[in-house]
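J.: sequence and computational prediction follow.
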Amino acid sequence: MTTSAPASPSAPSHPSAPSHHSAAPAAPAGSDVSAAAAAVLRGLALDEDLKWRVPADPALGPLARRVARRFVAGETLDDACERAAAVLAAGHRASVEYLGESCRDPRRAVAETAVFAEAADRLPPGCSISLDLSHIGLAVDADLAFANASRIARATADTGREMVVSAEGSDRTDAVLALHERLTATYDHVGITLQARLHRTREDLPRVLARPGRIRLVKGAFAEPEAVALPRESPGLRPRYLEFAEAIAESGHLCSFATHDRDLLHRLGEQLGGSGRPDAPWEFETLLGLGPDRLAEMARLGHPTREYVVFGTEWWLYVCNRLAEDPQRLLRAVVDAAS
């Protein structure tokens with residue numbers, strides 16, 4: 001993505017001994033610090049150059065990898081297969097994504113497509129595959145992305161897997177939805193991810209409900225202007241998520257409610273009748289390393305559950321977005337880095 005990183009607010013200066021002429025500036029409130037930290041992290045997640053520089057840096061790379069271990073299965077497909085098998089053994093479904101976005105080299109986009117095709121062949125039965133369309137050519141040309149996505153769709157269809165298109169920044173939403181529409185004209189197992197934060201989702205949802213394939217509903221983690229999306233901390237985000245989730249559930253459409261928000265999970269459970277059933281069209285999903293307790297809780301209530309497993313070498317931007325969703329995770333990251 002090309003959006004510039006938000007500027008980090010400058011810290012107030014504190015004189016060592018305030019005189020009687022002026023009072024020392026008040027310390028920023030905790031919520032303000034958290035919001036500022038989240039904005040900085042989302043800005044870092046927009047810097048495509050950092051996804052290569054940080055892992056390769058001899059000093060930062062090892063520290064960043066320790067933080068990434070909490071959220072990323074590993075850097076190889078073997079790592080993903082091992083972790084997905086563990087998720088399935090725990091009684092959950094598994095989705096696997098090979099990390100990458102904004103690939104601007106058409107030859108590399110084709111090579112990356114081959115990794116997804118190999119994953120479709122090698123992952124344990126019961127695993128679905130997710131992907132960013134910009135990883136396989138959408139940042140270059142829509143027809144290139146469609147050809148590569150069709151190759152993955154055929155590979156997943158041949159191995160009986162779902163394929164789910166991930167959400168990207170709002171500047172790519174039109175292109176993502178258009179390509180998904182082209183895919184679903186041929187394949188009925190290709191799902192799509194919608195972001196509750198985006199104002200446009202209220203108009204996009206009816207169109208997507210008319211297509212086959214699972215609908216994955218997320219809050220949305222990208223840095224977006226308020227004219228485009230609700231802020232992550234907006235009190236209106238939970239009601240909006242519940243509104244969309246209820247509409248999807250009432251339609252009987254295959255869907256995944258992807259959230260780590262415990263209050264939201266409880267409200268969704270109540271909307272769905274308080275308990276699940278094995279043949280339910282819905283499922284509850286959490287990301288690897290975030291909310292295994294919540295996943296276990298929903299499973300105990302009888303709901304189908306899924307854990308989202310990611311792997312690959314382009315993990316830096318993904319980790320920044322995960323930390324930005326809850327800046328309290330920065331404290332955990334400090335411990336992980338020092339461990």
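T.: Cool, the structure landed.

J.: quick one, what contacts Pro281?
T.: Ala249, Gly252, His253, Leu254, Cys255 (Cβ atoms under 8 Å, 6 or more residues apart in numbering). Every residue, glycine included, has its C-beta placed from N, CA and C.

J.: so where's this structure uncertain?
T.: 1-31, 38, 41, 43-46, 327-328, 330-335, 337 (pLDDT under 70).

J.: what are the ranges of the helices in it?
T.: Ranges of helices in the chain, per DSSP state H, are 30-44, 50-56, 60-68, 77-89, 106-122, 142-158, 173-184, 201-209, 237-251, 262-271, 292-300, 316-325, 329-338.

J.: sorry, back to before: show me which of the contacts of Pro281 are buried.
T.: Buried subset of the contacts of Pro281 (neighbour count, 16 or more other Cβ atoms under 10 Å): Ala249, His253, Leu254, Cys255.

J.: which of those fall within strands?
T.: Cys255 (DSSP state E).

J.: and which of the buried ones among the contacts of Pro281 is nearest to Glu285?
T.: Cys255 (9.8 Å; Cβ to Cβ).

J.: bridging residues for that closest one?
T.: Ile215, Trp282 (DSSP bridges).

J.: ok, it - contacts?
T.: Arg214, Ile215, Arg216, Leu217, Ala245, Ile248, Ala249, Pro281, Trp282, Glu283.

J.: would you agree the last one is in contact with Thr305?
T.: Yes: between Glu283 and Thr305 there is a contact under Cβ atoms under 8 Å: 6.2 Å.

J.: for the two, list the residues in contact with both.
T.: Arg93.

J.: neighbours of Asp293, just the number please.
T.: 9 (other Cβ atoms under 10 Å).

J.: and what of the one 10 residues further on?
T.: His303: 22 surrounding residues under other Cβ under 10 Å.

J.: again with His260
T.: 19.

J.: excluding chain neighbours, what is closest to it?
T.: Nearest residue to His260, sequence neighbours excluded (Cβ to Cβ, 6 or more residues apart in numbering): Gly291, at 4.0 Å.

J.: roughly how far does the one you found sit from Asp326?
T.: 11 Å (Cβ to Cβ, to the nearest Å).

J.: which of the two has more neighbours?
T.: Legend: neighbour count by other Cβ under 10 Å for Gly291 and Asp326, higher for Gly291 (20 against 16).

J.: tell me how far the more buried one lies from Asp32.
T.: Taken as Cβ to Cβ, the span from Gly291 to Asp32 is 26 Å.

J.: same question for Ala247.
T.: Distance from Ala247 to Asp32, by Cβ to Cβ: 35 Å.

J.: higher neighbour count, these two?
T.: Ala247 (17 against 11).

J.: so what's the nearest residue to the more buried one once chain neighbours are set aside up against?
T.: Closest residue in space to Ala247, ignoring its immediate chain neighbours: Leu205 at 6.4 Å, by Cβ to Cβ, 6+ apart. Neighbour list for Leu205: Leu194, Ile215, Phe244, Ala247, Ile248 [criterion: Cβ under 8 Å, 6+ apart].

J.: looking at these, which two lie furthest apart in space?
T.: Most distant of the contacts of Leu205, by Cβ to Cβ, are Leu194 and Ala247, 10.9 Å apart.

J.: for burial, what's the neighbour tally of the nearest residue to Gly160 once chain neighbours are set aside?
T.: Using Cβ to Cβ, 6+ apart and skipping the chain neighbours, the partner closest in space to Gly160 is Pro125 (7.2 Å). Neighbour count for Pro125, taken as other Cβ under 10 Å: 8.

J.: correct me if wrong: Pro125 contacts Ala94.
T.: No: the pair Pro125 / Ala94 is not scored as a contact, 10.3 Å apart, by Cβ under 8 Å.

J.: does Ser134 touch Glu168 like I think?
T.: Yes: at 5.9 Å, Ser134 and Glu168 qualify as touching, with contact defined as Cβ under 8 Å.

J.: okay, and the common contacts of these two?
T.: Shared contacts of Ser134 and Glu168, counting by Cβ under 8 Å, 6+ apart, come down to Glu101.

J.: Leu133 contacts Leu144, correct?
T.: No: counting by Cβ under 8 Å, Leu133 stays clear of Leu144, with 10.2 Å between them.

J.: quick one: which of these two has more around it?
T.: The neighbour comparison of Leu133 against Leu144 (other Cβ under 10 Å) goes to Leu133, with 24 against 17.

J.: what sits closest to that one if chain neighbours are left out?
T.: In space, Leu133 is closest to Ala145, 5.1 Å off (Cβ to Cβ, 6+ apart).

J.: in stretch 316-332, which residues are buried?
T.: Neighbour count says stretch 316-332 has 316-327, 329-330 buried, by 16+ other Cβ under 10 Å.

J.: closest one of these to Glu101?
T.: Closest to Glu101, out of all of those and judged by Cβ to Cβ, is Leu317, at 7.1 Å.

J.: quick one: that closest one and Arg53 touch, right?
T.: No: counting by Cβ under 8 Å, no contact exists between Leu317 and Arg53, whose distance comes to 11.5 Å.
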